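Visitor: Let's see this in three dimensions:
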Amino acid sequence: MAEANHAVLERIYSSTMQARQKRDDLRRKPPAVHIYDGDWKYRGQVYGERDLSFEWKLNDTGAGHITLPAEHHIARWVAEYWKRHKANVHIRVDKDGARWCGTLSDCVSEQDEDGDRIVTLSFLHDYEKLKHIDLWPNPLTPAGVQFPKAWVMPGPAIYVLKLTLFMNLFRHYGSLWQLPDDPLDFKSWVRGLNYKDWPMLVKPSSLLMDDSPWCIVSSRFKTFDEVAKPILADGRLMVKLDRWFTGDPQPWPGAGLKRDGQLIFDIVDKSGWWEQTSVGGTIAGGLVRTGVELAENLVDEARVHLQSYEDAEEYTLAGWLGIAPKQPWVVYRTNEPYNTAASTRFTWQPATVGQITVGGHSAPGINESISIATKLVFNILGSFILQPGLGSIVDGAAAPLYEDVLGAFMSVKNPLRTRKLGWDHYLENFEDGADKAYTLSSLIALRSGFFKTRERTAHTMNIQDGAPYLVGDNGQGHFFLGDRVGGEIPGSKEGRVVVEQVSSIVLTQSAEQPHQWEITTGDEETDQDPVDYLLGLSRDFFASIKELGLI
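Guide: Presented below is the predicted three-dimensional model:
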């Protein structure tokens, strides 16, 4: 019996070590860099580069570059642009399940005083394409006939954004009201009706199963990036882009893609912000599961500890790698002797002002009430002197004196913030975005003002892959872009940990140094209040109605 148990343990140990060695071998492999022409026809794999760097950014365009000797065959092929049949050059970088694809933005050939020549190829990530897709008011009609005046689509954020993008891709590739790229090719006239031939596609999703926050997508020839960015920020959602190549699994069952380089758009929720999640904790006490609680005035808010919560089922699956949004677990130590980050830069910015003022025009009904009262009183008085229209005359003369005087501004102080800042702090800001006081838009402006001046954190860490966590995507790493990752504040005696979304990942490699990762969590820049999402629905709705010309 003992020998049988020993044999089982030996098999388990051997299997575990084999899996560990396989992961270690994959981690040590350098990134695979492939170059394609404008039609995504393969030109070759890059070896012998001097250095490279590629950045993934959350809902934005990352930049990449690769430096090659001028004699390199890829460098010559790109630099001699006049010899190529297709002007565009595309790149594909694969590393640990993550894929970076983009288009050449410029090619720079340099020669120093010693005669050493290099060629630097700079690329922009595929997200840049979303900044060049206009959202028409009506994608199904020609440009000269755009009715209604604006595209307005309410619904769950993920579904309506993807539907909006799909309709405008159909407008472009369907060739409904314009010539195809090759009018002499008969197949090109009907190819647009088959999505499998489109260069860019939208991954389908279910409306009924979409539990993302609701929003209103409204556009009148705005770009998709302009329309989607505030909605993505409010819902803590992420645009995910991937290109399909022969040998890859189909992006969804029945997709049937056969064209190398087809770009697939998707929108996912990796933050868990609208559910339970963790925003911080300590090394000894662990990460605290919290939720957002809003005060009755809709201005003050606090994160509260959850007394009961659900554990993520993903962590019970054998071989599963990743982070469940509701229960993040990856934490990088920064203090000796347990540090797991090679270098780190933590930024903390305290809140600034304790009071926000908004407005400019009187609340609805105040100016109108004064005008009615003025006309009524002076019309009655005018009737005694045979001047029944006196009220209108007096009201016209007095209007500049009383308009926007009463109830034109509102000011709110945040006592929770002022007590935390101390008695000497920046006093107040005036927040734009609300013309009238004591309205829904003024409440939104107040929230936005307090959010822009809030306390903020950002953490940039240089990390060694596999020490101890694996950076990778699609099941080949513990975390990647958009996941929530914790970082110990450098020098914190109690091991204070701050958990934020990964907003940037940079992959670098040079001839002198093997590949390494740099991650940034959080954001030092101001952004929009998530409560804007809830209260802004009404504002967006009426703005959309105004665009339609109904009000």
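
Visitor: unless I'm mixing things up, residue 136 is touching residue 221, no?
Guide: Yes - if you go by CB atoms under 8 Å, residue 136 and residue 221 touch, sitting 6.5 Å apart. (Glycine included, C-beta is placed from N, CA and C.)

Visitor: May I have whichever strand or helix holds residue 101 exported as PDB, CA atoms only?
Guide: Secondary structure assignment for residue 101, by DSSP states H and E: strand 98-111. This file holds the C-alpha atoms of strand 98-111, laid out as PDB (Å, rounded to 0.1, in the frame of the first residue of the first chain):
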ATOM      1  CA  ALA A  98      -0.300  38.100 -25.800                       C
ATOM      2  CA  ARG A  99      -0.400  39.500 -29.300                       C
ATOM      3  CA  TRP A 100       0.500  43.000 -30.400                       C
ATOM      4  CA  CYS A 101      -0.400  44.000 -34.000                       C
ATOM      5  CA  GLY A 102      -0.100  47.300 -35.600                       C
ATOM      6  CA  THR A 103       0.700  49.400 -38.700                       C
ATOM      7  CA  LEU A 104       3.900  51.200 -39.700                       C
ATOM      8  CA  SER A 105       3.700  54.900 -38.900                       C
ATOM      9  CA  ASP A 106       7.200  55.900 -40.100                       C
ATOM     10  CA  CYS A 107      10.500  54.500 -41.200                       C
ATOM     11  CA  VAL A 108      13.600  56.400 -40.200                       C
ATOM     12  CA  SER A 109      17.000  55.700 -41.700                       C
ATOM     13  CA  GLU A 110      20.000  57.100 -39.800                       C
ATOM     14  CA  GLN A 111      23.800  57.200 -40.200                       C
END
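
Visitor: Follow the chain on from it and name the next helix or strand.
Guide: Proceeding N to C from strand 98-111, the next assigned helix or strand is strand 117-125, under DSSP H and E.

Visitor: is it true that residue 377 lies in a strand?
Guide: No - using DSSP: H, G, I helix; E, B strand; the rest coil, the secondary structure at residue 377 is helix, not a strand.

Visitor: Spatially nearest residue to it (excluding sequence neighbours)?
Guide: residue 391 (7.1 Å; CB to CB, 6 or more residues apart in numbering).

Visitor: That neighbour contacts residue 371, doesn't it?
Guide: No - contact criterion CB under 8 Å: residue 391 and residue 371 do not qualify, at 9.4 Å.

Visitor: Between those two, point out the one with more neighbours.
Guide: residue 391 (22 against 18; other CB atoms under 10 Å).

Visitor: if we can go back for a sec, what's the first helix or strand after the strand or helix carrying the residue nearest to residue 377?
Guide: In the assignment (DSSP H and E), residue 391 maps to helix 390-402. On the C-terminal side of helix 390-402, the nearest following helix or strand under DSSP H and E is strand 409-413.

Visitor: Just checking the distance from that next one to the centre of its chain.
Guide: Here strand 409-413 is found 32 Å from its chain centre; the criterion is CA atoms, centre = their mean, to the nearest Å.

Visitor: can you check stretch 415-430 too?
Guide: With CA atoms, centre = their mean, you get 31 Å for stretch 415-430.

Visitor: Quick check: end-to-end length of that stretch?
Guide: Length of stretch 415-430, first residue to last, CA to CA, to the nearest Å: 17 Å.

Visitor: What of stretch 338-354?
Guide: Stretch 338-354 end-to-end distance (CA to CA) = 39 Å.

Visitor: Could you pull out the buried residues of that stretch?
Guide: By 16 or more other CB atoms under 10 Å, the buried positions in stretch 338-354 come out as 340-341, 344, 346, 351-354.

Visitor: Over to stretch 128-140 now: how far is its first residue from its last?
Guide: End residues of stretch 128-140 are separated by 24 Å (CA to CA).

Visitor: Show residues contacting that stretch.
Guide: Identification of contacts with stretch 128-140 by CB atoms under 8 Å, 6 or more residues apart in numbering yields 61, 102-103, 143, 145-151, 164-165, 167-172, 176, 200, 219-225, 227-228, 239, 263, 265.

Visitor: Show the residue spans covered by the strands in the stretch 201-350 of the chain.
Guide: Along the stretch 201-350 of the chain, counting by DSSP state E, counting those that start in this stretch, strands occupy 214-219, 222-223, 238-244, 262-268, 277-282, 286-294, 301-305, 331-332, 341-349.

Visitor: partner strands of the last one, parallel or antiparallel?
Guide: Which is strand 341-349. strand 456-463 (antiparallel) (DSSP bridges).

Visitor: Now the partner strand: average pLDDT?
Guide: The pLDDT scores in strand 456-463 average 81.

Visitor: Which positions within that strand qualify as buried?
Guide: For strand 456-463, the neighbour count (16+ other CB under 10 Å) marks 456-461, 463 as buried.

Visitor: Kindly indicate which of the residues you listed lies nearest residue 400.
Guide: residue 456 (42.9 Å; CB to CB).

Visitor: Could you pull up the mean pLDDT of the strand holding residue 101?
Guide: 95.

Visitor: which helices and strands does that strand pack with?
Guide: strand 51-57, helix 73-79, strand 89-95, strand 117-125, strand 238-244 (3 or more CB pairs under 8 Å, 6 or more residues apart in numbering; DSSP states H and E).

Visitor: Could you give the average pLDDT over the third one?
Guide: Across strand 89-95, the average pLDDT comes to 96.

Visitor: which helices and strands does it pack with?
Guide: Partner elements for strand 89-95 (3+ CB pairs under 8 Å, 6+ apart): strand 32-37, strand 63-69, strand 98-111, strand 117-125.

Visitor: can I get those strands in a markdown table with distance to residue 402?
Guide: Formatted as a markdown table, the helices and strands packed on strand 89-95 follow (distance: least, CB to CB, whole Å):
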| stretch | distance to residue 402 |
| --- | --- |
| strand 32-37 | 69 |
| strand 63-69 | 56 |
| strand 98-111 | 58 |
| strand 117-125 | 56 |
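
Visitor: With distance to residue 434 and mean neighbour count added, can I get the ones you listed in CSV?
Guide: What follows is the helices and strands packed on strand 89-95, written out as CSV (distance: least, CB to CB, whole Å; neighbours: other CB atoms under 10 Å):
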stretch, distance to residue 434, mean neighbour count
strand 32-37, 50, 18
strand 63-69, 37, 20
strand 98-111, 40, 16
strand 117-125, 36, 19
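
Visitor: residue contacts, residue 111?
Guide: 70, 117.
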